[in-house]
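Q: Whatever this is, show me its structure:
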Amino acid sequence: MQSKHPRSPSRAGPLSRRLFLASNGVAAAVVGLPAKSYARVIGANDRIHVGFIGVGGMGGGHVNACLKLKQNDNLEFLGVADCWKTRADVAAAKLETQAFSDYRRVLDIKDIDYVTIATPEHWHSTMTIDAMDAGKGVYCEKPMTHTIPQAQAVMKKQQQTKMPLQIGVQALSDDSYRSAGEAIKKGVIGQVVQAQIEYVRRYDKQGPFRVPHLDDKQPKPADLDWNAWLGHAPKIDWNPHHYHEWRAYGMYSGGIATDLFIHRITRIMKACDLLYPRRVVGMGGIWQWPDGRELPDNFEMICEYPRGMTVYVLGTMSNRVGIDHLIRGYRGTLFFTPTGWVAKNKDGEVLDEHQKTGGEDIHLHHTNLHNHLRSGEPLNCPIELGMAGVVAVNMANESWRTSTMMGWDEKNQTMAPASTLNLGHNPTVAP
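A: Next comes the predicted model:
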């Protein structure tokens, strides 16, 4: 999966033209580029060559998805990398290709058009930047990066290289959120003021992100490069809990916010045309499983956005009873349903509705990237949404860690305690 010598991190979808994003403190417009603008031009009938970096749980899902798409999408697989060589060998055998323990060996393969990156979060930015430098497109699992500065570094690199980047929020291959955005722009539910969504689960005795019956003394596999897996994270001795349960530890993950909430809040961002929040509160705690984890086992966040609305996300891991996924407007409410969405007024009369096409499907998400490479089809989860999601969930986690409402410092393109910023209470008026 990772190299022994990690390097530090030094097409817009159907969002509005106001998308101006920051990279290292400098605001710059990111414009979606057609496939012909990339270093390599892939014709409509040309084979697309794929490489894989990280082939564990989610990475194995990418392997299986691409195998199913191989014939219809005309794919060829040219290399697999994982710092646990046995794992790389198993995936390579499935794909009938070669296996490496150093991800850079995959990036050295000239003919690869794009790579999947399905590793712990703390590696996403370095690998994505290295892939773009190598002239590869990227399908990176969510979140796009572990931190906001890392996301800004990826943004800067994408601006320089113009390489495509699809973020693995597969729900955006369901057209409900694009369609909802169009309805909202038309005024179907009036002025939008609030949205709510959740990601709830009920875990058994082990709690979220734990592996049942994991042996504390499980030895490190002989062919797993532990130092490579750690990368730029703090150097520690082999620890099976850190390797198998990395989402419970802050040096590798943001826990519930980055692993789960990113799936939900990005949908609302798409539907409501949102980028960076003005203010964010994250609340929760290690309430039920105080087992050495560093991140909450139950969590909630509220984001306030400049258009004048709030977004609430519920994330209990102790009870699976959810809440409606909806967007509230002055004229009516838009409810997301298993088949699409329906908008109703205060009396329950239907204002508009939509039967979805597509779905939350990794196969559709890959095919969307393939179509983007061949014809310039807009990416369903482009870098703009990836960046915006990283900002929101990092602000929520920082709020929880510091017991402080966090604000977005637009001038310096960073988060800061909201009390230190002149934000005021009218989000549509600049300070």
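Q: Tally up the residues packed near the residue nearest to Ser173 when sequence neighbours are not counted, please.
A: Excluding its sequence neighbours, the residue lying closest to Ser173 (CB to CB, 6 or more residues apart in numbering) is Leu364, at 3.9 Å. Heads up, the C-betas are built off the backbone N, CA and C, glycines and all. A count of neighbours around Leu364, defined by other CB atoms under 10 Å, yields 19.
Q: Can you give the distance from the host helix or strand of Leu364 to the centre of its chain?
A: For Leu364, the enclosing helix or strand under DSSP states H and E is helix 362-375. The chain centre lies 17 Å from the centre of helix 362-375; the measure is CA atoms, centre = their mean, to the nearest Å.
Q: The very next helix or strand once past that helix: which residues count as buried?
A: Sequence-wise, the next helix or strand downstream of helix 362-375 (DSSP H and E) is helix 383-402. Buried residues in helix 383-402, counted by 16 or more other CB atoms under 10 Å: 383-400.
Q: neighbours around Leu274, how many?
A: Neighbours of Leu274 (other CB under 10 Å): 25.
Q: wouldn't it be in contact with Ala388 here?
A: Yes: with contact defined as CB atoms under 8 Å, Leu274 counts as touching Ala388 (6.8 Å).
Q: Quick one: distance of stretch 239-259 to the chain centre.
A: 15 Å.
Q: Can you give me the buried ones in that stretch?
A: Buried, per 16+ other CB under 10 Å, within stretch 239-259: 239, 241-249, 251-259.
Q: Now the terminal residues of that stretch, how far apart.
A: End-to-end distance of stretch 239-259: 21 Å, with CA to CA, to the nearest Å as the criterion.
Q: same question, stretch 190-205
A: For stretch 190-205, the first-to-last residue distance is 45 Å (CA to CA).
Q: Buried residues, it. List them.
A: Applying 16+ other CB under 10 Å to stretch 190-205 flags 192, 195-200, 203 as buried.
Q: Please apply the same query to stretch 169-181.
A: 169-181.
Q: Tell me which residues are up against that stretch.
A: Stretch 169-181 is contacted from outside by 13-14, 142, 262-263, 266-267, 270-273, 327, 334, 336, 340-341, 354, 356-362, 364-365, 368, 380-381, 385-386, 389, using CB atoms under 8 Å, 6 or more residues apart in numbering.
Q: so how far is that stretch off the chain centroid?
A: 14 Å.
Q: Is it correct that Arg267 is in contact with Ala195?
A: No: here Arg267 does not reach Ala195: they are 9.3 Å apart, not a contact under CB under 8 Å.
Q: Can you pull the domain assignment for this protein?
A: 20-172, 175-206+253-361+383-420 (automatic domain parsing).
Q: Can you check which of those domains gets nearest to Asn227?
A: domain 20-172 (8.9 Å; CB to CB).
Q: still on that earlier bit, quick one: which of the domains of the chain has the weakest pLDDT on average?
A: When the domains of the chain are compared on mean pLDDT, domain 20-172 scores lowest, with a mean of 88.
Q: circling back: CA atoms of the helix holding Leu364 as CSV?
A: The C-alpha trace of helix 362-375 is given here as CSV (Å, rounded to 0.1, in the frame of the first residue of the first chain):
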residue,chain,number,x,y,z
ILE,A,362,-19.5,2.0,-6.6
HIS,A,363,-19.9,0.5,-10.1
LEU,A,364,-21.8,3.6,-11.3
HIS,A,365,-19.2,5.9,-9.7
HIS,A,366,-16.4,4.2,-11.6
THR,A,367,-18.4,4.2,-14.8
ASN,A,368,-18.9,8.0,-14.3
LEU,A,369,-15.2,8.4,-14.1
HIS,A,370,-14.7,6.3,-17.2
ASN,A,371,-17.2,8.4,-19.1
HIS,A,372,-15.4,11.5,-17.9
LEU,A,373,-12.1,10.3,-19.2
ARG,A,374,-13.6,9.4,-22.6
SER,A,375,-16.1,12.2,-23.2
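Q: Show me which residues of it are buried.
A: 362-374.
Q: again, but for stretch 109-124
A: 109, 112-124.
Q: Just the ones in strands from the residues you listed, please.
A: Taking DSSP state E, the ones among the buried residues of stretch 109-124 that sit in strands are 114-117.
Q: Give me the helices and strands touching the helix holding Leu364, please.
A: strand 48-53, helix 57-69, strand 137-141, strand 165-168 (3 or more CB pairs under 8 Å, 6 or more residues apart in numbering; DSSP states H and E).
Q: what angle do that helix and strand 48-53 make?
A: Interaxial angle of helix 362-375 relative to strand 48-53 (axes from the mean of the first three to the mean of the last three CA atoms, to 10 degrees): 130 degrees.
Q: what is the rounded mean pLDDT of helix 362-375?
A: Throughout helix 362-375, pLDDT has a mean value of 97.
Q: need the ones in strands among the buried residues of stretch 109-124 in TSV with distance to Met415, can you?
A: Compiled in TSV, those are given as follows (distance: CB to CB, whole Å):
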residue	distance to Met415
Tyr114	31
Val115	30
Thr116	29
Ile117	25
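Q: hang on, Val393 packs against Ala257?
A: Yes: the criterion here is CB under 8 Å, and Val393 meets it with Ala257 at 4.0 Å.
Q: Find the residues that touch each one of these two.
A: Listed contacts common to Val393 and Ala257 are Met301; contacts here mean CB under 8 Å, 6+ apart.
Q: Which one of the ones in strands among the buried residues of stretch 109-124 is nearest to Ala65?
A: For these, the nearest to Ala65 is Thr116 (9.2 Å; CB to CB).
Q: tell me the contacts of that closest one?
A: By CB under 8 Å, 6+ apart, the residues touching Thr116 are 50-54, 59, 62, 66, 138-141.
Q: one step back: quick one: the domains of the chain as JSON lines, columns for distance to Asn426 too.
A: As requested, the domains of the chain are exported to JSON lines (distance: least, CB to CB, whole Å):
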{"stretch": "domain 20-172", "distance to Asn426": "21"}
{"stretch": "domain 175-206+253-361+383-420", "distance to Asn426": "8"}
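Q: So which of those domains is nearest Pro219?
A: Once the domains of the chain are compared by CB to CB, domain 20-172 is nearest, at 13.0 Å.
Q: quick one: that closest one to chain centroid distance?
A: 13 Å.
Q: Next, count neighbours for the nearest residue to Phe336 once chain neighbours are set aside.
A: Distances taken as CB to CB, 6+ apart put His325 closest to Phe336, at 4.1 Å, once the chain neighbours are dropped. Residues contacting His325 under the criterion other CB under 10 Å number 18.
Q: and if you look at Thr420?
A: Other residues close to Thr420 by other CB under 10 Å number 10.
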